[in-house]
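>>> predicted structure and sequence below. I'll ask about it afterward.
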Amino acid sequence: MDEAFLQQLYREHQHVTKLPSPRLIEDWLDGLLQFLFPELSTLRFATEQSFRLHYLTNDLKFFSILDAMSGELPDGPDAVRSAFEQQLPGIRAALIEDAEAILAGDPAAVSRVEVITTYPGFYTLAVYRIAHAVHQLGVGLLGRMLSEIAHGKTGIEIHPGAQIGRRFCIDHGTGIVIGETVIIGNDVKMYQGVTLGALSVQKEMARTKRHPTIENGVVIYAGATILGGDTVIGANSIIGGNTWIVKSVPADSRIYYREPRID
């Protein structure tokens, strides 16, 4: 091995930014989801005290994660942890609505328990809503690490910076990509293979709105691609499968892909 190369790598190892263990992050995430949804928990608690102790044990993992990232925090670990904790009731309430929307929107779903325990779309939304809260508190790297856990498990990629409204229904889901500056309203339904992306990937556009806005009540079928920060899909529109959209669509529109004719 080249000696100069080894020395260079050693110096980089000495000055690398301190990060928490990916295993610790995933353990905390799993524990939090089990805390929020008893359907996911393998534990049964004999007393409320034991339940509280279990939460505090998992919460200590979150503090350890934040402490390891203290150089990136806008405030100290305690302040971020406390602010996140205050958001947990709202996160759970939004996810219950998401589960009900998936149950209502999928004829194959038979119960909310089935949605919560088996649907990749619900799992990804649960991780997204947690990651989004963390992102909003200024811990963007942790938000990205959380979203990549869901991406790896489900094939659904949602940037934690995206803004997603209530009762979001993801059916099947594999291959969905939702970019950082996407805005999605309430009661939107989306199928597999949908891309909500940017028209340009130039670095100087990093702090601009690069991704589309989807208004309330829109349905987007499989394989549709919608691009651009100025693109708005109007309320209650239906976007058919395999369509390619780079311009705004008025409310109540019906957009379909028309196959080329072969004479």
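Right, received. Where do you want to start?
>>> would you check that residue 91 makes contact with residue 130?
Yes. Between residue 91 and residue 130 there is a contact under C-beta atoms under 8 Å: 6.4 Å. For the C-beta atoms, the positions are set from N, CA and C on the backbone; glycine is no exception.
>>> and those two? Which one has more around it.
Neighbour totals were compared for residue 91 and residue 130, and residue 130 leads with 26 against 17 (other C-beta atoms under 10 Å).
>>> ok, the more buried one - contacts?
29, 32, 91, 146 (C-beta atoms under 8 Å, 6 or more residues apart in numbering).
>>> helix or strand: which one has the last one?
Under DSSP states H and E, the secondary-structure element containing residue 146 is helix 140-154.
>>> show me where this structure has strands.
157-158, 163-164, 169-170, 177-178, 183-184, 189-190, 195-197, 213-214, 219-220, 225-227, 232-233, 238-239, 244-245, 254-255 (DSSP state E).
>>> could you list the domains of this protein?
Domain ranges of the chain: 16-155, 175-263, per automatic domain parsing.
>>> most neighbours of all the contacts of residue 130, which one?
residue 146 (24 neighbours).
>>> my guess is it meets residue 158, correct?
No. If you go by C-beta under 8 Å, residue 146 and residue 158 don't touch, sitting 10.3 Å apart.
>>> ok, back up a step: so which of the strands of the chain is the most packed in?
strand 169-170 (a mean of 27; mean count of other C-beta atoms under 10 Å).
>>> on that earlier part again, in terms of secondary structure, what does the helix holding residue 146 contact?
The contact analysis (3 or more C-beta pairs under 8 Å, 6 or more residues apart in numbering; DSSP states H and E) places helix 140-154 against helix 22-36, helix 120-136, strand 157-158.
>>> tabulate these (JSON lines), appending mean pLDDT and distance to residue 62.
Shown next, in JSON lines, are the helices and strands packed on helix 140-154 (pLDDT from 0 to 100; distance: least, C-beta to C-beta, whole Å):
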{"stretch": "helix 22-36", "mean pLDDT": "96", "distance to residue 62": "5"}
{"stretch": "helix 120-136", "mean pLDDT": "98", "distance to residue 62": "10"}
{"stretch": "strand 157-158", "mean pLDDT": "98", "distance to residue 62": "21"}
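>>> looking at these, which is nearest to residue 173?
Between residue 173 and these, the shortest gap by C-beta to C-beta is with helix 120-136, which sits at 4.2 Å.
>>> what's the angle between the closest one and helix 140-154?
On the basis of axes from the mean of the first three to the mean of the last three C-alpha atoms, to 10 degrees, helix 120-136 is oriented at 170 degrees to helix 140-154.
>>> go through this structure and flag its longest helix.
Counting residues, the longest helix found in the chain (DSSP state H) is helix 77-105.
>>> counting by contacts, list what that helix packs against.
In terms of contacts (3+ C-beta pairs under 8 Å, 6+ apart), helix 77-105 is packed against helix 22-36, helix 48-68, helix 112-118, helix 120-136, strand 169-170.
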